[in-house]
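>>> Model the following, please.
(one chain, ligands or ions: 1)
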Amino acid sequence: MDINKLCALAIDARKMSYAPYSYYAVGAALLSKSGKVFTGCNIENSAFSPSVCAERTAFFKAISEGETEFERIAIAAGNVNSEKLNADVTPCGVCRQVMREFCKDDFEIICVADTESFKKYSLKELLPNGFSGSNLK
Ligand code: THU
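Sure, this is the predicted structure:
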């Protein structure tokens with residue numbers, strides 16, 4: 001799938017965000033190697049720590065449906081009351097660690113700046129020398 005189409009799906013997924021505490025709505029669209037797309041949004045909680053990011057929602061939906069290999073993820077974020085996106089969006093450390101579990105170094109992380117532009121990183125760039133199962137020996 002074309003990167004711009006994946007970005008549009010991430011922007012669309014923001015609409016489902018439940019963010020009554022931070023007012024920061026995040027959407028993600030994860031493309032599997034088999035060509036399926038899994039979307040996700042952030043889901044907050046009044047007790048704060050049960051909250052989950054959009055990226056992990058997308059990953060856990062995919063894993064729970066049997067997908068284990070991934071190509072790229074697009075992420076879009078901004079205030080809940082605005083369609084203007086935060087051009088500096090970047091995945092949190094916990095989400096990077098979840099990506100590390102299921103993705104290779106060349107997994108692409110697409111940070112959506114607006115409807116026409118994005119920044120592209122590899123997982124290796126955003127989580128260099130990360131911890132993984134191979135360290136457990
Ligand atoms: N959030 C995400 O969904 N993804 C990220 O990569 C960073 C943060 C969410 C968590 C919380 O609901 C809100 O954004 C503010 O941190």
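
>>> Would you list the phi and psi of Phe38?
Phi and psi for Phe38, reported as degrees, to the nearest 10, are phi -120, psi 120.

>>> who's it bridged to?
Leu30 (DSSP bridges).

>>> Wait, it touches Gly66, no?
No. When contacts are counted by C-beta atoms under 8 Å, Phe38 is not listed as touching Gly66 (11.2 Å). C-beta here means a position set from N, CA and C on the backbone, and glycine is covered the same way.

>>> What residues does this protein have near the ligand?
19, 22, 24, 26, 42, 44, 51, 53-55, 91-92, 95 (C-beta under 6 Å from any ligand atom).

>>> before we move on, the earlier item: of Phe38 and Gly66, who's got more company?
Phe38 (23 against 9; other C-beta atoms under 10 Å).

>>> check contacts around the more buried one.
The contact partners of Phe38, by C-beta atoms under 8 Å, 6 or more residues apart in numbering, come to Ala29, Leu30, Ser32, Ala58, Phe59, Lys61, Ala62, Glu65, Glu67.

>>> Check which helix or strand Ala28 maps to.
Assigned by DSSP states H and E, Ala28 belongs to strand 24-32.

>>> Next, the contact list for the residue nearest the centre of the chain, please.
For the chain, Glu55 is the residue whose C-alpha lies nearest the centre (C-alpha atoms, centre = their mean; 3.0 Å). Going by C-beta under 8 Å, 6+ apart, Glu55 touches Val26, Ala28, Leu30, Gly40, Ile73, Ile75, Pro91, Cys92, Cys95, Val98, Met99.

>>> Could you dump these into a markdown table with distance to Glu83 and neighbour count added?
As requested, the contacts of Glu55 are arranged in a markdown table below (distance: C-beta to C-beta, whole Å; neighbours: other C-beta atoms under 10 Å):
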| residue | distance to Glu83 | neighbour count |
| --- | --- | --- |
| Val26 | 14 | 28 |
| Ala28 | 17 | 30 |
| Leu30 | 22 | 30 |
| Gly40 | 19 | 27 |
| Ile73 | 21 | 29 |
| Ile75 | 16 | 29 |
| Pro91 | 21 | 25 |
| Cys92 | 23 | 12 |
| Cys95 | 23 | 25 |
| Val98 | 28 | 19 |
| Met99 | 27 | 23 |
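
>>> Brilliant, that's me finished.
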